[in-house]
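>>> Next input, structure requested:
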Amino acid sequence: MWRHTALALALSVSLGGVAMAQSTTGSIFGQAPAASGETVVATGTSGQSREVAVDSSGRYQISNLPVGVYTVSLKKDGAVIDSRKDVALSPGAGASVSFAAAAGAAGATSLGAVTVQANALPSIDVSSVNSSTVITAADLQKLPVGRNAESIALLAPGTASGSGFFNGPGNHSLVSFGGSSVTENAYYVNGYNTGEPYKNLGGFQLPYGAIDQQETLTGGYNAKYGRSDGGVINQIGKRGTNEWHFGGQVAWQPRFLEGNPVNNYYGHPTVPASTSQVNYAYETPSLPGTLHQFRNDNKEWETIYSAYLGGPLIKDKLFMFLAGETTKTQSNNVEVAASHLVQYNTDKNTKFYGKLDWNITDSNILELTALKNEQRTGAGSTYKFDYTTLKAGAFSTANDVTKDNSQFYLAHFTSYITDAATLSVLYGKGKFQNPTIYGNQSPLPFISRPQNENPAFLPPGTGTFGINNAQTNTSWSSNNATNGTHGLRADFDYKLGTHDLAVGIDNMTYSAQNQGPNQQNPFNPSLNYYWRYISHTTVQQREIGWQTSMRTTQKAYYLQDDWQVMPNLLLDIGVRNDHFTNYNDRGTAFVDLKNQWEPRIGASWDVNGDSSFKVYGNVGRYYLALPDNAAERAANVSTYLTTNYNYTGVDANGVPTGLTPQGPTTSPDGEKGAPKDPQQVTARNLKAEYLDEFILGFDKKLNDSWNYGAKAMWRDLKTAIDDECSAYKLGAKAAKMGLDPSAYSDSIYGASYCRLINPGLTNNLLIKSNDGTQSHLIPMTQQDWGYQQGVKRKVGSLNLYMEHPFDGKWQARIDYTFTRGFGNTEGQVRSDFGQADVSKTEDWDSWQLMDGSNGELANVRKHQIRVRGAYQITPEWLVSGTLLEQSGYPKECLGYYGTGGSGAAYYGPGHSGDPSGYNNYGSGNYHWCNGVRYPAGTIGHTPWTTQLNLGVHYSPAFADHKLGINLDVFNALNGQKALQTDPAGNSSYNRTTNTLNINNSYGDGIFFQQPRTVRLSLTYDY
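Sure, this is the predicted structure:
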């Protein structure tokens, strides 16, 4: 009875200052025999100390403690009665430490003998309503995990690897949370947003050895945090303690121990027979069964050096921690047969992390953090490759080297004003430089799809794939490309009875300069185009360029109440208001989204009152801002011109000769280099992207060793932002309203040709007369655009788990996750063919592009099984493993629109949706193939994949277990299944012969599981 009552009472004050998601703090709470002069003090290994009084009912709580390890002591009149060591705090969690009278003591108020009750960290944390997975530094030492935040995040249920088309800083593959796209996540280090600032593709992260804890949040966080409708990766770095520690590691992933990557052969592509009279044929009938890409030699090997040093500069007052890591990666890349090139690359990534902690007083703490990341990718050379002999040939060009340098500086001040009031202020600043050093200085134009060159114009012996040249760039970026961020958040927390009240602001600013491609070749200033062979008779000249600058501000304030309604029932109630503003290259706002109210309500029920059984739920709304990249092409000056030619020859560099224009130069999106009116590029009533999330789950102790539980989640995307490019539809609505479209043609068909809208909602678009004297708002409904439905992305999941926490001997956890997702949009990007134009994808450009789009979602895996565990065989030997087995990616077949019957129908409406235009999507990105509609997933999925990682760790006693010799094997079974396949079913359409060609590589693998690799490492920790 006493234990139940103590824990239940402790819960009534256990939630003060417990923050979610980006939190860097936790709390300690519990019960002690009530007596006058009684206090509890928590002392951290970094010297900070907090002491609070035990109230008249025997309760105490210490809130907003920095994550770390503490000693908790019970005092009577200043004398320590008893203490508990090694109490570890996780972000956003509560640790229960209770003191009770020992057996035989004279009553509950006797302090002559006490014993510590409960665990340092309860097996079921009833003080939290969020959905998070915390991996500690101790876990990372045991488990065979990739050395990046994304690999750690994949240990959490509800996550999936994103498409190989998208990589973040460090060239890491990205992660999808709950079916959302990979740009909808947030990254934090020590409480500051370190997301990649331009497109929000990934984020900058700590050196692996500097990670103290990583919290992967998959849903349910409270109103203090926002700007993500995917997930959150929250890293907390290590800090100095009162003892000096240092160490280092050398890790080696040798080439000779890597499995041979599988070769990729052209399959026998089949798409449904047309229901019309349109003929179809393979692009080149001889290709099926021939070698598409020689991959056997495409291996990667690397060496990693890391070191750290931490300790007291002034004992109990001032502490430091420094960590550095450098990774050198070498790789070969034989390109596809059409390119007949091989690249030899050397990448280098260096990270630095430094932290100072100053305990100004017991009530005031200052933390300073510096994080630096310098990445250089692509250094090396490109050579010709002979697909007959499978050998490298003559030197072609030096590779382009891309740099990605970032620096972050953070200051975090915490003041414990009273036992009830806490103030936290965090200010951070980030600087980013991403220049490209062009090793390839070819003055020639790029040649796209040389395999489509007319064989009659090529010298004998040219081969199947035509003539190419040494140019590997379609565009160029500025060496002055930079990004910057700065942010301020302030939180004030006050405990009032059974309420823990919090209020705060959360502001971020992003700026970008000289971002995007420059259309002019610096080594041939007269060249601002490249050639794309469409067919044996047609070649297209493409001129592109939209290098530009922009700025974004994101401001928010919140109110939060953690209310202990009853001793075992917590309500987590909050509301957040976000304000997002995007500015164009001239500093004028083109998106200004205000008063975005986000209610969040969570509940936690400690069913038995002893932390053995928790039932919890959560309902919340989450808004997502547009990154800086939204201005690129949409609101800023941009150029994208195409001209089709007939040609009569191909020279020795693959350049077409004998050119005759087939028609005038056009722009698929009206991008002709003219400025854009910020009032016309977006709907005047535009709303931010947001989703509603619903969670219901339970956690329960099976016995003293095992926990189990289940969680159901439902996510419903309510509003999205994307661009439409059906200008003629806007003109038709203007005419319907009695306006003469020709009098407004400059506005309707001019520079602001593609506009940002909320698909499915009524969008008020501004048009102005050609003479500038009149303007009108045109309300464009879903029916006006011709869309069959509005935005749809619905994802439901059920996760079941069992866990055995580490008991000094072994630990294990198994999860099974069943997920179903369906809709007509992935989110801000397109994974099927790698379109990273954030919120400016080809989705919604015309109603024809959305016809057949309603299907399975790219980032949903129907079945997932996760297992992780470690077993300490002896004090010297430990074995560990992780397993991820999952069902496949939904296949697609993209092609030309319609059921056929005429060239215009198959060639399809242009990007504008104008029936008189030509298709401008290359091989045709409609959800149709050869006259048959093909929603994603209706033609099956890629195979199930199994990723088994194994580790063996030896820590010899003769070195006092400070030396570690480690062997980690990744993808031990060497499975190399295709993770994604080529979705382009049709390669081209010949209007003369009325023939629709089938893409030879349709259905072939694009990305594969990485072959088995082995990592050997030697560590020393003192």
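
>>> Would you confirm that residue 576 contacts residue 555?
No - using CB atoms under 8 Å, residue 576 is not in contact with residue 555; the gap is 11.2 Å. Where C-beta positions appear, they are placed from N, C-alpha and C, glycine not excepted.

>>> between the two, who's got more neighbours?
residue 576 (26 against 16; other CB atoms under 10 Å).

>>> Assumed that one was part of a strand.
Yes - under DSSP: H, G, I helix; E, B strand; the rest coil, residue 576 sits within a strand.

>>> What about the closest residue to residue 868 other than its chain neighbours, how many residues nearby?
Using CB to CB, 6 or more residues apart in numbering and skipping the chain neighbours, the partner closest in space to residue 868 is residue 882 (4.5 Å). Using other CB under 10 Å, residue 882 has 22 neighbouring residues.

>>> Are we agreed that residue 882 is in a strand?
Yes - the assignment for residue 882 is a strand, going by three-state DSSP.

>>> Tell me the bridge partners for it.
Applying DSSP bridges to residue 882 gives these bridge partners: residue 868, residue 949.

>>> and it, what does it touch?
143-145, 155, 866-868, 947-949 (CB atoms under 8 Å, 6 or more residues apart in numbering).

>>> Helix or strand: which one has residue 987?
strand 986-990 (DSSP states H and E).

>>> can you check residue 379 too?
According to DSSP H and E, residue 379 maps onto strand 364-386.

>>> Could you pull out the buried residues of the helix or strand encompassing residue 728?
Taking DSSP H and E as the criterion, residue 728 maps to helix 727-736. Of the residues in helix 727-736, 727-731, 733-734 count as buried by neighbour count, 16 or more other CB atoms under 10 Å.

>>> Can I get the residues you listed in CSV including distance to residue 438 and pLDDT?
Formatted as CSV, the buried residues of helix 727-736 follow (distance: CB to CB, whole Å; pLDDT from 0 to 100):
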residue, distance to residue 438, pLDDT
727, 37, 89
728, 41, 88
729, 42, 92
730, 41, 94
731, 43, 93
733, 46, 96
734, 46, 96
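
>>> Among these, which one sits closest to residue 493?
Nearest to residue 493 out of the buried residues of helix 727-736 is residue 730 (CB to CB; 50.2 Å).

>>> Let me see the contact set for the nearest residue to residue 376 once chain neighbours are set aside.
In space, and not counting its chain neighbours, residue 376 is closest to residue 348: 4.9 Å by CB to CB, 6+ apart. By CB under 8 Å, 6+ apart, the contact set of residue 348 is 326-329, 375-376, 379.

>>> And for residue 797?
158, 178, 712-713, 817-820.

>>> just the strands in the stretch 601-750 of the chain please.
Here the stretch 601-750 of the chain has its strands, by DSSP state E, counting those that start in this stretch, at 613-624, 639-646, 649-650, 656-657, 660-661, 689-701, 707-719, 722-724.

>>> Please produce TSV containing those, extended by mean pLDDT, mean neighbour count and distance to residue 794.
Listed next are the strands of the stretch 601-750 of the chain as TSV, based on pLDDT from 0 to 100; neighbours: other CB atoms under 10 Å; distance: least, CB to CB, whole Å:
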stretch	mean pLDDT	mean neighbour count	distance to residue 794
strand 613-624	96	22	15
strand 639-646	92	18	34
strand 649-650	96	20	50
strand 656-657	96	16	48
strand 660-661	96	10	47
strand 689-701	96	19	10
strand 707-719	97	19	5
strand 722-724	94	25	18
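
>>> quick one: which of these is nearest residue 295?
Judged by CB to CB, the one of the strands of the stretch 601-750 of the chain that comes nearest to residue 295 is strand 649-650, at 28.8 Å.

>>> got the residue ranges for the strands in the stretch 101-250 of the chain?
Going by DSSP E, counting those that start in this stretch, the stretch 101-250 of the chain shows strands at 114-117, 131-136, 159-161, 175-177, 186-189, 192-193, 211-219, 232-237, 245-253.

>>> State the mean pLDDT of the first one.
By that I understand strand 114-117. Taken as a whole, strand 114-117 has an average pLDDT of 46.

>>> What of the third one?
For strand 159-161, mean pLDDT rounds to 96.

>>> Kindly report the same for stretch 595-608.
Averaged across stretch 595-608, pLDDT comes to 95.

>>> cool, and stretch 268-283?
Rounded mean pLDDT across stretch 268-283 is 66.

>>> Stretch 33-51 too?
On average, stretch 33-51 scores 81.

>>> What residues of it count as buried?
Those would be 33, 35, 38-51, for stretch 33-51 by 16+ other CB under 10 Å.

>>> if we can go back for a sec, tell me the secondary structure for the residue nearest to residue 376?
Secondary structure assignment for residue 348 (three-state DSSP): strand.

>>> if we look at the sheet, which residues does it bridge to?
Beta-bridge partners of residue 348, as defined by DSSP bridges: residue 328, residue 376.

>>> So it versus residue 477, what's the distance?
20 Å (CB to CB, to the nearest Å).

>>> Ok, residue 383 next?
For residue 383 relative to residue 477 (CB to CB), the value is 24 Å.

>>> Centroid-nearest residue for the protein?
residue 182 (4.0 Å; CA atoms, centre = their mean).

>>> OK, contacts around that residue?
Applying CB under 8 Å, 6+ apart, the residues near residue 182 are 162-163, 166, 174-176, 201-202, 230, 829, 831, 859.

>>> of all those, which comes closest to residue 496?
Distances from residue 496 to those, taken by CB to CB, are shortest for residue 230, at 34.4 Å.

>>> For the nearest residue to residue 194 once chain neighbours are set aside, give its distance to residue 407.
Spatial nearest neighbour of residue 194, excluding adjacent residues (CB to CB, 6+ apart): residue 204 at 4.4 Å. Counting by CB to CB, the gap from residue 204 to residue 407 is 9 Å.

>>> still on that earlier bit, how about the strands of the stretch 601-750 of the chain in a markdown table, adding distance to residue 539?
Shown next, in a markdown table, are the strands of the stretch 601-750 of the chain (distance: least, CB to CB, whole Å):
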| stretch | distance to residue 539 |
| --- | --- |
| strand 613-624 | 41 |
| strand 639-646 | 5 |
| strand 649-650 | 9 |
| strand 656-657 | 5 |
| strand 660-661 | 11 |
| strand 689-701 | 39 |
| strand 707-719 | 41 |
| strand 722-724 | 28 |
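
>>> list the buried ones in the strand or helix carrying residue 333?
Assigned by DSSP H and E, residue 333 belongs to strand 318-334. Under the neighbour-count criterion of 16+ other CB under 10 Å, strand 318-334 has 318-327, 329-334 buried.

>>> Next: stretch 438-453.
Applying a neighbour-count criterion of 16+ other CB under 10 Å, the buried positions in stretch 438-453 are 438-440, 442, 444-453.

>>> quick one: which of the residues you listed is nearest to residue 269?
For the buried residues of stretch 438-453, the nearest to residue 269 is residue 451 (14.7 Å; CB to CB).

>>> Just confirm that closest one is within a strand.
No - under the criterion used here (three-state DSSP), residue 451 is helix, not part of a strand.

>>> From residue 266, how far out is it?
Following CB to CB, the distance that separates residue 451 from residue 266 is 11 Å.

>>> what's the answer for residue 614, then?
Separation of residue 614 from residue 266 (CB to CB): 54 Å.

>>> just residue 757 next, same as before
Here residue 757 is placed at a distance of 40 Å from residue 266 (CB to CB).

>>> ok, these two, which is more surrounded?
residue 757 (24 against 21).

>>> give the contact list for that one.
Contact partners of residue 757, counting by CB under 8 Å, 6+ apart, are 682-683, 686, 721-724, 763, 765, 780, 844.

>>> Show me what the closest residue to it other than its chain neighbours is bridged to.
Excluding its sequence neighbours, the residue lying closest to residue 757 (CB to CB, 6+ apart) is residue 763, at 4.3 Å. In this structure, residue 763 bridges to residue 780 when assessed by DSSP bridges.
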